[in-house]
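Student: what's the 3D shape of this:
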Amino acid sequence: MRESRPVCARPGAERSAMTELSLCMIVKNEEEVLDRCLSSIADLMDEIIIVDTGSTDRTKEIARRYTPKIYDFTWTGNFADARNYSFSKASAQYIYCADADEVLDAENHAKFRLLKKGLLPEIDIVQMYYCNQLSYNTIYNYDKEYRPKLYKRLRTFTWVNPIHETVQIQPVIYDSDIEIGHFPTSSHASRDIQAFEKMYTDGLRIPASLHTLYAKELLIAGQYSELMHAIPVFTDTLQDNTRSLDEWMEACCVLTRAYREKNDIPSFFKYAMKAVTFEGDGCAEVCYEIGCYYLSVSDPQEASIWLSAALSAPCILQLEVHKRAESALQKCQGKLSE
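Tutor: Take a look at the predicted model:
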């Protein structure tokens, strides 16, 4: 349930005290960015919880400038385990969850302070814009999106409806206008891909949301060995009738790339053509892979057909594929004019 009413108290009806906030972070070897993050948000927090999963640099030394509440946590290969541990240490009304490569600028710091001053108690979750910098090696294909960032620590249940009353189960979510800057200094792709691989080898089903992120990671930053390891994962997706059409298309995108890299041409065309049967409007990623294949075998005329198709087809995973297709098409045109 999303809150449609103002989230803050009206002027003249100001709350007597600011909402108390616990900052919860999990970190490992973040000496390059941790001070930048904490200096931008520390004064908004009533409590700062830092959970370290094995730093070997100055991360904990930097964290001690801001809080004595630093806890060691043995890494399990599961980010949720570490997050849950950090949340278990919080004591304030609400928990703000941050990563070390985030920054809150002055304008959004002021917005956050207003939120803290007037947050209504019925709000369970506050979403904020997560603003990605595509030039900083992030996998995300958007400039910004809403993400839940602030959570009520202890949630109470309320009865609703004047008749046939029932307990309000869905959280009350407020979409704020606060923007959190995400400025990673390096790619986390290999780390994330290893986590996806571990889920599969442990026999866990990769949920749809993570299936999409895994496919994006592979197409944008996946190395050859990572693409090879992904082949059985996404082959299983296509054999699973409980998976959605979107997940099948994601699998075709990954498998088409993987088999092109492997130079297994029969399998490459098998999954490229399968994608055509799934998606009536075409798929930019698959068209791009076919175009790249024809470029690699010195057939720029055929390559230009598929690269042109990639420019007009919708993207399934990778918005940058249109730029890549345009660049490759220019190469084709250069070869055709020779």
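
Student: where does residue 175 land in three-state SS?
Tutor: Three-state assignment for residue 175 (DSSP: H, G, I helix; E, B strand; the rest coil): strand.

Student: Which pLDDT value goes with it?
Tutor: Listed pLDDT for residue 175 reads 95.

Student: swap in the one 3 residues further on?
Tutor: Looking at residue 178, its pLDDT stands at 97.

Student: For the strand or helix carrying it, which residues meet the burial criterion?
Tutor: Using DSSP states H and E, residue 178 falls within strand 173-182. By neighbour count on 16 or more other CB atoms under 10 Å, the buried set for strand 173-182 is 174, 176, 178-182. Yep, even glycine has a C-beta here, placed from its N, CA and C like the rest.

Student: what's the following helix or strand after it?
Tutor: Following strand 173-182 in sequence order, the next helix or strand is helix 189-201 (DSSP H and E).

Student: Show me what that following helix packs onto, helices and strands only.
Tutor: helix 208-221, helix 224-238 (3 or more CB pairs under 8 Å, 6 or more residues apart in numbering; DSSP states H and E).

Student: residues in contact with residue 190?
Tutor: 221, 223, 226 (CB atoms under 8 Å, 6 or more residues apart in numbering).

Student: picking up where we left off before, just put the buried residues of strand 173-182 in JSON lines and tack on distance to residue 269.
Tutor: Shown next, in JSON lines, are the buried residues of strand 173-182 (distance: CB to CB, whole Å):
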{"residue": "174", "distance to residue 269": "49"}
{"residue": "176", "distance to residue 269": "48"}
{"residue": "178", "distance to residue 269": "48"}
{"residue": "179", "distance to residue 269": "44"}
{"residue": "180", "distance to residue 269": "43"}
{"residue": "181", "distance to residue 269": "43"}
{"residue": "182", "distance to residue 269": "38"}
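
Student: quick check, residue 126 in a strand?
Tutor: Yes. Looking at residue 126 with three-state DSSP, it is inside a strand.

Student: For it, which non-adjacent residue is closest in space?
Tutor: Nearest residue to residue 126, sequence neighbours excluded (CB to CB, 6 or more residues apart in numbering): residue 150, at 3.8 Å.

Student: Name the next helix or strand downstream of the host helix or strand of the one you found, please.
Tutor: Residue 150 belongs to strand 144-152 when elements are defined using DSSP H and E. Using DSSP H and E, the helix or strand that follows strand 144-152 towards the C-terminus is strand 159-160.

Student: what is the mean pLDDT for that next one?
Tutor: 73.

Student: That strand: how far from the chain's middle?
Tutor: What separates the centre of strand 159-160 from the centre of its chain is 34 Å, taken as CA atoms, centre = their mean, to the nearest Å.

Student: which other helices and strands contact it?
Tutor: Using 3+ CB pairs under 8 Å, 6+ apart: strand 159-160 touches strand 166-167.

Student: Shouldn't residue 293 be within a helix?
Tutor: Yes. Under three-state DSSP, residue 293 sits within a helix.

Student: tally of neighbours for it?
Tutor: Residue 293 has 21 neighbouring residues, counting by other CB atoms under 10 Å.

Student: you'd agree it is up against residue 261?
Tutor: No. Counting by CB atoms under 8 Å, residue 293 stays clear of residue 261, with 10.6 Å between them.

Student: Provide a list of residues in contact with the closest residue to residue 63 other than its chain neighbours.
Tutor: Distances taken as CB to CB, 6+ apart place residue 50 nearest to residue 63, at 4.4 Å, with adjacent residues excluded. Residue 50 sits next to 25, 27, 60, 63, 66-67, 69-71 when contact means CB under 8 Å, 6+ apart.

Student: Of the residues you listed, just the buried ones, PyMOL syntax please.
Tutor: The buried subset of the contacts of residue 50, as determined by 16+ other CB under 10 Å, is captured in PyMOL by this line:
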select buried, resi 25+27+60+63+66+67+69+70
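
Student: taking the contacts of residue 50 one by one, which sit in helices?
Tutor: Those of these mapping onto helices are 60, 63, per DSSP state H.

Student: which of the contacts of residue 50 lies closest to residue 306?
Tutor: Nearest to residue 306 out of the contacts of residue 50 is residue 27 (CB to CB; 44.7 Å).

Student: can you tell me which residues contact that closest one?
Tutor: Counted by CB under 8 Å, 6+ apart, residue 27 has contacts 34, 50-53, 55, 59, 63, 100.

Student: List the buried residues in the strand holding residue 150.
Tutor: Neighbour-count burial for strand 144-152 flags 149-152 (criterion: 16+ other CB under 10 Å).

Student: Kindly report the same for stretch 22-30.
Tutor: Buried, per 16+ other CB under 10 Å, within stretch 22-30: 22-28, 30.

Student: Show me the two of the residues you listed that sit farthest apart.
Tutor: Maximum pairwise distance among those (CB to CB): 20.2 Å, between 22 and 28.
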